[in-house]
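*Asks:* What follows is a protein structure lacking sequence information:
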């Protein structure tokens, strides 16, 4: 079956612009995660959903970051007033229950100029 | 910041060699996962470990969940060119479902 998909794959934003990144999880997966991966480093947790409920947003770096999953399927990560330090790859992962394996999408590479 | 120490940071392999990498933590984890990431792609799951002491194989890959629950290692036997990439360990603690990743081991081909 289809894996996790993310769009766009690449996004260039000017400093101060708002961006929206989309994630389509594997069908039937209850849990959805967002991670941020800086160049040359491992992914770092941002936020976690179980169905439409955002159960953990402890990793969001500032109140400029906002995530939603209104119908418990597709999720959107929104970054307001982008800054250069927001440049990174944003990875989405889904899992069937949250306690089992997480499967990752290809990521969205965000470059803020 | 990241809590997992992964070593080595990079290594060169020659086709046919066995390679080994490990991950240590100051915290206990209930699950250890190993992923491989190729340039421009997301991490791909290789092996998942759920019990302390568990030894699991997936083809030429073998991974173990340390008895103390604070470490894990990954072995690749008889390496081939497509083993080149970045390998990440990831742990999941008791407090939640999020994964904590190591800094990665970059596997490169010997010139």
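*Replies:* All right, it came through fine. All figures in this text were calculated on a predicted structure; none of them were measured in a lab.
*Asks:* who's in contact with residue A:7?
*Replies:* A:21, A:22, A:24, A:108 (Cβ atoms under 8 Å, 6 or more residues apart in numbering or on different chains). For the C-beta atoms, the positions are set from N, CA and C on the backbone; glycine is no exception.
*Asks:* do that again at 7 Å, thanks
*Replies:* Contacts of residue A:7 were listed using Cβ atoms under 7 Å, 6 or more residues apart in numbering or on different chains, and they are residue A:22.
*Asks:* Kindly state the pLDDT recorded for it?
*Replies:* Note on residue A:7: pLDDT of 98.
*Asks:* now swap in residue B:109 and tell me
*Replies:* You'll see residue B:109 listed with a pLDDT of 84.
*Asks:* What is the burial count for it?
*Replies:* Counted with other Cβ atoms under 10 Å in any protein chain shown, the neighbours of residue B:109 add up to 12.
*Asks:* Got the confidence number for the residue nearest the centre of chain A?
*Replies:* Centroid-nearest residue in chain A, with Cα atoms, centre = their mean: residue A:34, separated by 3.5 Å. Per-residue pLDDT puts residue A:34 at 98.
*Asks:* got the contact list for it?
*Replies:* By Cβ under 7 Å, 6+ apart, residue A:34 lies in contact with A:46, A:47, A:67, A:77, A:90, A:92.
*Asks:* Next: residue B:20.
*Replies:* Neighbouring residues of residue B:20 by Cβ under 7 Å, 6+ apart: B:73, B:75.
*Asks:* Which strands border whichever strand or helix holds it, and is each parallel or antiparallel?
*Replies:* Using DSSP states H and E, residue B:20 sits within strand B:19-25. Take DSSP bridges as the rule and strand B:19-25 pairs in its sheet with strand B:4-7 (antiparallel), strand B:71-76 (antiparallel).
*Asks:* mind listing the strands for chain B?
*Replies:* All strands of chain B, identified by DSSP state E, fall at B:4-7, B:10-13, B:19-25, B:31-37, B:44-49, B:55-58, B:61-65, B:71-76, B:85-92, B:100-101, B:105-109.
*Asks:* Relative to residue A:14, which of those is closest?
*Replies:* Counting by Cβ to Cβ, residue A:14 lies closest to strand B:31-37 out of the strands of chain B; the figure is 28.6 Å.
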